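> Coordinates only, no sequence provided:
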């Protein structure tokens, strides 16, 4: 590994972590698409800043760009307040307009600005180590590492200092307001951090991949945990993994580094989406199937209980009657019947079904819960009574 | 050349006529289907789908090695649909919110598309040039064959909307009611969403991946302010879309260094702004005026007593 390669990996990891942390809050606060809007609409800010100082690496550009980012949020909120369109439409209207403005400004002044619009979208990490920061004659390392490192440290300090406030305002904004933290201030602080991080990361990974680095690690972590601190750490971890694996994928295929990072993030999300222990697709589908079956079982048992009192009508509790009465397919009726038998909830005598003592207890308890609308207990009752599920 | 010369050229010049026809068709189709997207709160779906179509374009090229518009079009539509289905899957099967699902699919698909595009650029055959025009669109490269394709795809979509307008209307405003009436709303939902995907793909070549969402939203959001009737809204939206396409082409053709896509989007955005301000009934100015009148009325009532 050459030193440039190591530096690229360090920069990529720092960018990934710096994006992942505010990303967690964006995902939790249902503002993922705001990051998409900000990442696009900072373009005119960068161009205007460049017109002012004629230097693409000036810190002023970060300022003007971050201001445009906040302007975007303000504009979206203003449009929302008019009630003329829905919130998602407001986002979708604001950022393409600002982005178009940026593209046109660049195109009209193509001679003056060496800003390639493609590079704005995708960024280029490969050249990041060559733009170095000198103090006198001493080489202090790549400039983007300093910028992103600074933003990362600032983010970490702010988030650790205000974690409690952020947590409360994220999960219960009314409680936060009643405790005296202004949700507006917290909201705009978070938006400022997001904008500044986006501007910093934008250079390295481009506008759209900033969105990937913010939203995807946080979403992947959210599939695996409910604990805020764990979620932040996991998101940062996924960010770093994607940075390193993405770099080597790009190296192997000789393709865009940021594209590979996003692809690796996509893979990680897909994995978590499918096999996450509690929230994964497989678990969810199995659970849904089980719930459906237990619901059918309960319906069936209640039906039997209902008709065991009216003894005059034996066909209601006949095995063959089930398919007709519940409109169940034959094999479904078979499965439910077998499930009930296996769990010792019913017994069958001469094709007639009746509840066992255990079945009686089960239905009695379930009925109580249903009458008092005790949903939580209904979900738990299966665990106590059913040996086979 | 100024804008008036453009209208002269529109009649005489073959290239300008082709480009203008392309952008106008795109504007009409996006205007019509955008109305449904806006009403069904699928506004940002356009953004996600347009980004998600990028890997499809690249894969279609990798498999066939051709840049035939139809091939790329099918690739883009398929990958856009896969993205849409995945978004729906994430939103329905996990606790992640729909906007997170949009953000994930949008950025990951786009990133994968960029990976594929850079891979294609490294390939020895030089045939790949021009695939990246899908990023920002390049109306100037539209040729007659493209316009035919746009017209065919757009015409079919619009015909389907006309045939099923009653079903789509009830689906947009009250899907539960539609279900009780016995409509297969899952199927209708898939058909309408697929049509929206097709409209987006139609716009890709002209406006590009990044700005496509605005083309879908802006005409519809502007039209929404002028009327409360779906039919009128769709017609107005198509008109606004067509106007943005035509005016955008005119402005960008009459000035140097202006790509068409961003100009079209800006014009559509200006239409939205004007509609927000000046629409009768819903507009902000009439609302302020009404507010002022009410206040004066109340003031007079109270001071009279």
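In hand now; what should we look at? Everything numeric here is computed off the predicted structure, so don't read it as measured data. Numbering: from 1, shown residues only, chains lettered A, B, ... in the order given.
> and residue A:353, which of the three is it?
strand (DSSP: H, G, I helix; E, B strand; the rest coil).
> what residues are up against the closest residue to it other than its chain neighbours?
With C-beta to C-beta, 6 or more residues apart in numbering or on different chains as the criterion, residue A:353 has its nearest non-adjacent residue at 4.8 Å, and that residue is residue A:317. From N, CA and C alone the C-beta is placed, and that goes for glycine too. Contact partners of residue A:317, counting by C-beta atoms under 8 Å, 6 or more residues apart in numbering or on different chains, are A:304, A:307-308, A:352-354.
> Save those residues as TSV, and put in neighbour count too.
Below are the contacts of residue A:317 laid out as TSV (neighbours: other C-beta atoms under 10 Å in any protein chain shown):
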residue	neighbour count
A:304	21
A:307	19
A:308	17
A:352	16
A:353	24
A:354	15
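> ok, so of those residues, who is nearest residue A:155?
Lowest distance from residue A:155 to the contacts of residue A:317 (C-beta to C-beta) belongs to residue A:304, with 61.1 Å.
> Count the residues that sit near residue A:237.
Neighbour count for residue A:237, taken as other C-beta atoms under 10 Å in any protein chain shown: 16.
> any idea which element it lies in?
For residue A:237, the host element (DSSP states H and E) is helix A:228-253.
> how about that helix, does it get close to chain B?
Yes. Helix A:228-253 is in contact with chain B by C-beta under 8 Å from any C-beta of the partner chain, via A:250, A:253.
> how about stretch B:249-260: buried residues?
B:249-253, B:258-260 (16 or more other C-beta atoms under 10 Å in any protein chain shown).
> and the residues you listed, which two are the farthest apart?
Farthest pair in these (C-beta to C-beta) is B:250 and B:259. Separation: 14.0 Å.
> Okay, residue A:148 and residue A:3: tell me how far apart.
In this view, residue A:148 and residue A:3 are 18 Å apart by C-beta to C-beta, to the nearest Å.
> Have a look at those two and say which one is more surrounded.
Counted by other C-beta under 10 Å, residue A:148 and residue A:3 do not tie: residue A:148 has more neighbours, with 27 against 8.
> Contacts only, for the nearest residue to that one once chain neighbours are set aside.
Leaving aside its chain neighbours, residue A:148 sits nearest to residue A:14 (4.8 Å; criterion: C-beta to C-beta, 6+ apart). By C-beta under 8 Å, 6+ apart, the contact set of residue A:14 is A:145, A:148-149, A:152.
> residues in contact with residue A:69?
By C-beta under 8 Å, 6+ apart, the contact list for residue A:69 reads A:38, A:41-42, A:45, A:191, A:194-196, A:198-199.
> Repeat the analysis, applying 7 Å as the threshold.
By C-beta atoms under 7 Å, 6 or more residues apart in numbering or on different chains, the contact set of residue A:69 is A:38, A:41-42, A:195, A:198.
> Okay, and it sits in which element?
helix A:59-82.
> helices and strands of the chain: which one has the lowest mean pLDDT?
Using chain A here. When the helices and strands of chain A are scored by mean pLDDT, DSSP states H and E, helix A:117-122 comes last with a mean of 64.
> where in chain A is pLDDT low?
Low-confidence segments of chain A, defined by pLDDT under 70: A:1, A:55-57, A:110-123, A:309-314, A:322-324, A:389.
> ok, 50 please
By pLDDT under 50, chain A has no low-scoring segment.
> can you tell me the residue of it closest to chain B?
Using C-beta to the nearest C-beta, the single residue of chain A nearest to chain B is residue A:262, 2.1 Å away.
> That residue - that's part of a helix, no?
Yes. Assessed with three-state DSSP, residue A:262 lies in a helix.
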